[in-house]
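Participant: fold the stuff below for me.
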Amino acid sequence: MVNLIQACCPAKGAARFAGRGGCRWALAMAIGMTAGLHLTALQAQTRLAYTAVEFATLDNPGATTVIRSMNSANEVAGGFKRDRRRASSALIFSANNVVEDAAGEQGAGNSVTYGINDQGEVAGAFNTNVGLRPFRAVRRAGFQELALPEGSNGGVAYSLNDLGEAAGYASGSAGIRPVWWTRRGEVQLLQTTGNQTARALDLNDRGDVVGVYGNDVKTAVIWPRKGGVVSLATLAGFTHSEAVSVAENGTVAGVATGVSQFPNRSRAVLWPAGAQAVQDLGTLAGGTDSRARDVNNRGEVVGTSSSAEGERAFVWTAASGMQDLNTLVSVPGLVMTDALAINKKGDIVVMGHAGQSDQPGQSREHVDHHVARRIFVLRPLQ
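Facilitator: Okay, here's the model as predicted:
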């Protein structure tokens, strides 16, 4: 049996299966910035403010955790091994430590929820004796295993739009191929060329799909309205890129990775709607690496960045640049290390841990495997 926890997970989520895969676009063209320009120092810093609501304390240190998306009702999709004696479960988190099992008995052999829409429908993957299988679940209507194309025996559904369409990948003798599913669960292949590996990681309601393409060199791509594949530029000096989130207006967020010298850096990036130019979102003060997890239609981006104080959750806007969320809301005893998703209203899902500070250079995976993780939703103050 394939262990779901060992499956490869893209950048959009937090503390992914090895401790998945986020990110959307900004308004670079509107503010006249050139591709790759570092904006933070040039922007007027507008201080945002939030109030925090606790959603869960995940007190099984060492267990893998996936938190990847949130809908407008502040329902959070994810997965966690709540009991050391049991498999990981596909879950929906709500305020005040309310947790709902999304897959039920069908997901008893390890399951995870990646996508959730405003109807409360979810999509993800569950283990079988053959491998990972994609699923879609609807409250009060039941669990649906999604179809696979010929030549495939496994797959994952990473995202679900408000039309009930899902996107992800299928794997098997035909390779790893990007796919999307209709509301009825029918599978459709997205365009590829040659024998390149590709995964679809997100889609919006108008049918734009984004993901990653390639074998030796990974390239961020978009399938506009599920059409032909279009490559997106990476940052100068970086080798790889990955598109993990697409807003309703076509703005895309992701990450650029790999440089010609050691260490292998990463950088949160945006691709403005309708453009292939890439925008560097920078890092927090004292940091060298950052990753975007999600973007909404207002151009607000969230993710994680290294800093002089260690790993920190961030929010980025065109007006304010990149800001440490720990400085924008006070939760006593909590260090927020990753911002995992942002919804249409600007609410943000963050993951953190108890304590005053990380040690600079200490990885989030090290922290997450030794202390209880806490999940909060931050709501903007009007």
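
Participant: and the closest residue in space to residue 326 that isn't next to it in sequence, how many residues sit next to it?
Facilitator: Residue nearest to residue 326 in three dimensions, not counting chain neighbours: residue 336, with 5.3 Å by C-beta to C-beta, 6 or more residues apart in numbering. (Each C-beta comes from the backbone N, C-alpha and C, glycine too.) Using other C-beta atoms under 10 Å, residue 336 has 25 neighbouring residues.

Participant: then residue 258?
Facilitator: 16.

Participant: what bits of the protein have low per-residue confidence?
Facilitator: Low-confidence segments of the chain, defined by pLDDT under 70: 1-47, 60-63, 82-87, 105-109, 140, 276, 356-370.

Participant: hmm, back to that, please name every helix or strand in contact with the helix or strand containing the residue nearest to residue 326.
Facilitator: Taking DSSP states H and E as the definition, residue 336 sits inside strand 334-342. With contacts taken as 3 or more C-beta pairs under 8 Å, 6 or more residues apart in numbering; DSSP states H and E, strand 334-342 sits against strand 65-70, strand 290-295, strand 301-305, strand 312-317, strand 348-354, helix 364-368, strand 373-380.

Participant: ok, back up a step: now do the contacts for the residue nearest to residue 326.
Facilitator: Applying C-beta atoms under 8 Å, 6 or more residues apart in numbering, we find residue 336 in contact with 312, 313, 325, 326, 350, 351, 352, 376.

Participant: now do the strand holding residue 336 and strand 373-380, the angle between them.
Facilitator: With axes from the mean of the first three to the mean of the last three C-alpha atoms, to 10 degrees as the basis, strand 334-342 and strand 373-380 are set at 60 degrees to each other.

Participant: tell me how far strand 334-342 lies from the chain's centre.
Facilitator: Mean-position distance between strand 334-342 and its chain equals 12 Å (C-alpha atoms, centre = their mean, to the nearest Å).

Participant: before we move on, the earlier item: out of the contacts of residue 336, which comes closest to residue 80?
Facilitator: Nearest to residue 80 out of the contacts of residue 336 is residue 351 (C-beta to C-beta; 11.2 Å).

Participant: any idea how far the residue nearest to residue 326 lies from residue 205?
Facilitator: Counting by C-beta to C-beta, to the nearest Å, the separation of residue 336 from residue 205 is 30 Å.

Participant: which parts of the strand holding residue 336 are buried?
Facilitator: By neighbour count with 16 or more other C-beta atoms under 10 Å, strand 334-342 contains the buried residues 334, 335, 336, 337, 338, 339, 340, 341, 342.
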